[in-house]
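Participant: Next input, structure requested:
(chains A and B)
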Amino acid sequence: MTNSRALPDTTVGMGEPAASRIVLTLFFVGILGLYSLFSNVFGWDNLPLLGEIVPLVQNLGGSGIWYYLIGFLIGIGAIVATLVGEVLAE
Amino acid sequence: MELIFIAGGALLALLFLLAQSLSKGVGTVGGAFKQIGLFVLQKNPPGLVDIFDDKDGSGSRTWMNFGMLWFVFATLLGFLLGWHTYDPTALDSLASVGWDYDDGSSLKDATLNFLSIALLYGLVGSGMVAAARNGNGRLASEANASMVALLLSVVLLATYILPFIFGFLDIDTSENPIRTVLYSLETLAVGLLLIPVFINILITAANRGEQELQTSVWFLIMGIAAYILSMLYMFFGELADATQMVWLAERVAYGWVPLALMFSVGYHVIPMTAKQPIWSGSLRGASMFLLFITIPPFFMTDASASNFVTNLGAILLTLGVLPIFAASVNLLMTASSGLSAVVKQPGAIAATMAFIALPFFAIGGYFTAMDTFVGTGDLGTMGDIVNMSMMFTVGGLLVLAGVFTNYPNAIGKPLATPSTATLATWLVFVGGVASTLTYLTGEFTANAVAASEIEDVGAINGGFYLTGAALFYLASIGAILSTLVVIRTGIASTGRSIEVNDASDVATYTLTSGSSTTIRDLIGRGVGVDTTLVVSETEINEGGSTVIAVDSALHNDEVKEFPTTASTVMVEFVQYLTNTNQSVFELFRGMDLDDSGKIDSREFLAALEASDVEALSSLEAAELVESMDLDGDGELNLPELDIAIAQIKRDHDIVAAQEEE
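Facilitator: The predicted model follows:
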């Protein structure tokens, strides 16, 4: 018996699970996080801080922690928005 | 005699009495006690309890909602704690709005406090669903459970708000004796608030009658009882300045209680999802009884006691690892026997991951706890990392396990976006484990440099903490995603997913005049959309059950013979049913633990075990169910059970034992 030379038909997956977009977003943010970690851990520290990018938050954005805290704010905002949105939809 | 022996003896005696009472079920709780308990729950405090919803599942739902919110804020604080070790000045820019977290110890205390509260809410809320499913489908008072959940959060928030209020009055709450009084009052309030929860769950469990309590409910009741006692011990210990009593109370509150509540969720979620009985009875017994007579290897503090007490404590601490290993192995083996079902459920995946991680945390906790207890105490920071990470990783995963499995059960809706729930589970697992390993590596490095005894050299391990905090951030995202899933599940307009078959075996279903039922119940009894419903005059047999007319097509050649080994068991079972004078409907209601209107092999096995007939294996029980399952859906509905029992009664001339005499 020889190997079949014809590849079997495959199904092109076009499914869109709820988690897929979250995974994509996390990967995108995650690689920025890796860049940030490299800059901080190995001392080059060439990632501009939030206060340098947005003059309005000059004092507040004086540490890299604010990038992470923005994520928390977005997350908690998403919780509140979902709660309000779903209640209104109901 | 040292105080710890008296306090410990009294604690063990109380818990032993409770465990003994629970071992044979709580059906013997007197009717008068039950009525008093219900009165306390439903009427107190007057007016306040009435504003809460008493709908089925609303109490446990409130507890789990609070649990998820506290968990999100706990992970925020956990992230800040990691970053603070790397850079204590990171949030100094908030000083203008009153932000101040001293040397990090307040931040650490707040993180542990928030996390403990989150676990208490999440695990107890999930346990309430388990207790309700093992009773009659609801808590004794759902409204009271919701009220206590709210009051508990008010008390705990007050402990953070009061210092600010006292600050305006120029009263320093960080100084004794105000600090001691406030702390004592908080512990007393928490202890007292949990008493109605304890009564609520006890009465709910009592609805199960004389049948043996499920392991998960046993752990839940014991955990809450231990927590109430520990809070009372802390209150009186602090007031009397009895350090040994406080030490004992801390071991109970931070050791026994979290582990008991974690085991409660594990013993419920894994066997239920895997549709398999618990793997080993002896391991189950070891995890139940050894937990409450040993010292768990987490959150150990110096006992400042005599040599004898210290050595005895070290032995008990060593034995304390055993119930953790026993429960973990038992549950992992149970999960492995039904792995195909486990991997499809986010809750079961979370529980399995938690019990994979727990033994490793126990080993880490054991070494650091022994070092604190009888060693030099050099591993103190490592101990903090192991303890906190265990709570975040194992505790957090089990909160998710309970919520993802039991929240849908409590409200009768399917879990929204299960793929997001699975992703959140992985994020909490990876974030918790990876950050723990990173923090510990940093500490090992610092210890190694310190041990080299080279003067003026210190390890800069801030990078480990920064990386660890960034990895822990994954767990925080997992907590936020989980909360979103819970909100969507709770609010989504999709109702309970019921599989309605157009084609039903039941052609005609007779409803008795004057009775009431729901479409859900009817569907559970095999009624389809084309079934003719006939309303008839009341026709009651000895058991008072509704008369069901089914199409003659049901009595066809598809009725299979019962498996040989199981047929005798079925005859015994039907004899038991006849002797106890139960109608088939009453039997069905009792067997249908999840109130789904159908009985699966797990529920059938549980009913057989409860009726004292010969034990069957899960495989034999599945075969037996299959033999009675006429429509081939893998589960029994009421007509199918009715037909099978009638057939056995007819073939074996079964009559009640009294009539026989």
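
Participant: Tell me which helix or strand in chain A has the weakest average pLDDT.
Facilitator: Ranking every helix and strand in chain A by mean pLDDT, DSSP states H and E puts helix A:50-53 at the bottom, with a mean of 73.

Participant: Report the buried residues of it.
Facilitator: Within helix A:50-53, the residues scored as buried using 16 or more other CB atoms under 10 Å in any protein chain shown are A:50-51. C-beta coordinates here come from the backbone N, C-alpha and C atoms, glycine included.

Participant: Pull the residues that contact the strand or helix carrying residue A:24.
Facilitator: In the assignment (DSSP states H and E), residue A:24 maps to helix A:18-41. Residues outside helix A:18-41 that contact it (CB atoms under 8 Å, 6 or more residues apart in numbering or on different chains) are A:44-47, A:64, A:67, A:71, B:417, B:419-420, B:422-423, B:463, B:466-467, B:470, B:473, B:477, B:481.

Participant: Find me the pLDDT at residue 21, would you?
Facilitator: As the question left the chain open, I've gone with chain A. For residue A:21, the model assigns a pLDDT of 85.

Participant: nope, chain B please
Facilitator: Residue B:21 is given a pLDDT of 73.

Participant: helix/strand/coil for it?
Facilitator: helix (DSSP: H, G, I helix; E, B strand; the rest coil).

Participant: Show me what the longest helix belonging to chain B packs onto, helices and strands only.
Facilitator: Longest helix in chain B by number of residues (criterion: DSSP state H): helix B:418-451. Applying 3 or more CB pairs under 8 Å, 6 or more residues apart in numbering or on different chains; DSSP states H and E, we find helix B:418-451 packed against helix A:18-41, helix B:346-374, helix B:380-390, helix B:396-411, helix B:462-491.

Participant: Quick check: buried residues in the third one?
Facilitator: So the one you mean is helix B:380-390. B:381-390.

Participant: Where do the domain boundaries of chain B fall?
Facilitator: Domain segmentation of chain B under automatic domain parsing yields B:3-491, B:506-660.

Participant: of all those, which lies closest to residue A:51?
Facilitator: Closest of those to residue A:51 is domain B:3-491, at 8.4 Å (criterion: CB to CB).

Participant: picking up where we left off before, need the winner for burial among the helices and strands packed on helix B:418-451.
Facilitator: Here the criterion is mean neighbour count by mean count of other CB atoms under 10 Å in any protein chain shown, and of these the winner is helix B:396-411, at a mean of 29.

Participant: As PDB, could you dump the C-alpha coordinates of it?
Facilitator: Extracted in PDB, the C-alpha atoms of helix B:396-411 (Å, rounded to 0.1, in the frame of the first residue of the first chain):
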ATOM      1  CA  GLY B 396      -9.000  32.100  42.200                       C
ATOM      2  CA  LEU B 397      -9.300  29.100  39.900                       C
ATOM      3  CA  LEU B 398     -11.700  27.400  42.300                       C
ATOM      4  CA  VAL B 399     -13.800  30.600  42.500                       C
ATOM      5  CA  LEU B 400     -14.000  30.500  38.700                       C
ATOM      6  CA  ALA B 401     -14.700  26.800  38.800                       C
ATOM      7  CA  GLY B 402     -17.600  27.400  41.100                       C
ATOM      8  CA  VAL B 403     -18.900  30.400  39.300                       C
ATOM      9  CA  PHE B 404     -18.700  29.000  35.800                       C
ATOM     10  CA  THR B 405     -20.400  25.800  36.800                       C
ATOM     11  CA  ASN B 406     -22.900  26.900  39.400                       C
ATOM     12  CA  TYR B 407     -23.900  30.400  38.300                       C
ATOM     13  CA  PRO B 408     -25.700  29.000  35.300                       C
ATOM     14  CA  ASN B 409     -27.300  26.300  37.600                       C
ATOM     15  CA  ALA B 410     -28.400  29.000  40.000                       C
ATOM     16  CA  ILE B 411     -30.200  31.100  37.500                       C
END
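
Participant: Residues of chain A that sit close to chain B?
Facilitator: Within reach of chain B by CB under 8 Å from any CB of the partner chain, chain A has these residues: A:17-20, A:22-23, A:26, A:33, A:36-37, A:40-41, A:59-65, A:68, A:71-72, A:75-76, A:78-79, A:82-83, A:86-87, A:89-90.

Participant: tell me which element residue B:300 falls in.
Facilitator: Counting by DSSP H and E, residue B:300 is found in no helix or strand.

Participant: Looking at the residue nearest to it when sequence neighbours are not counted now. What's its pLDDT?
Facilitator: Spatially, and ignoring its direct neighbours in sequence, residue B:300 is nearest to residue B:369 (3.6 Å; CB to CB, 6 or more residues apart in numbering or on different chains). As predicted, residue B:369 sits at a pLDDT of 91.

Participant: and the longest helix of chain B, which residues are buried?
Facilitator: Buried residues in helix B:418-451 (16+ other CB under 10 Å): B:418-436, B:438-440, B:442-443, B:446-447.

Participant: domains of chain A?
Facilitator: A:19-48, A:49-90.

Participant: export those domains to a markdown table and tack on distance to residue B:572?
Facilitator: Shown next, in a markdown table, are the domains of chain A (distance: least, CB to CB, whole Å):
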| stretch | distance to residue B:572 |
| --- | --- |
| domain A:19-48 | 49 |
| domain A:49-90 | 51 |
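
Participant: Where does pLDDT dip in the stretch 51-200 of chain B?
Facilitator: B:96-102, B:173-174 (pLDDT under 70).

Participant: which residue ranges form the helices in it?
Facilitator: Per DSSP state H, counting those that start in this stretch, the stretch 51-200 of chain B carries helices over the ranges B:58-86, B:105-134, B:142-168, B:178-206.

Participant: what about residue B:109, how many neighbours?
Facilitator: 11 (other CB atoms under 10 Å in any protein chain shown).

Participant: Doesn't residue B:531 belong to a helix?
Facilitator: No - counting by three-state DSSP, residue B:531 falls outside a helix, being strand.

Participant: mind checking how far it is from residue B:112?
Facilitator: Going from residue B:531 to residue B:112 by CB to CB, to the nearest Å gives 57 Å.

Participant: Sounds good, over and out.
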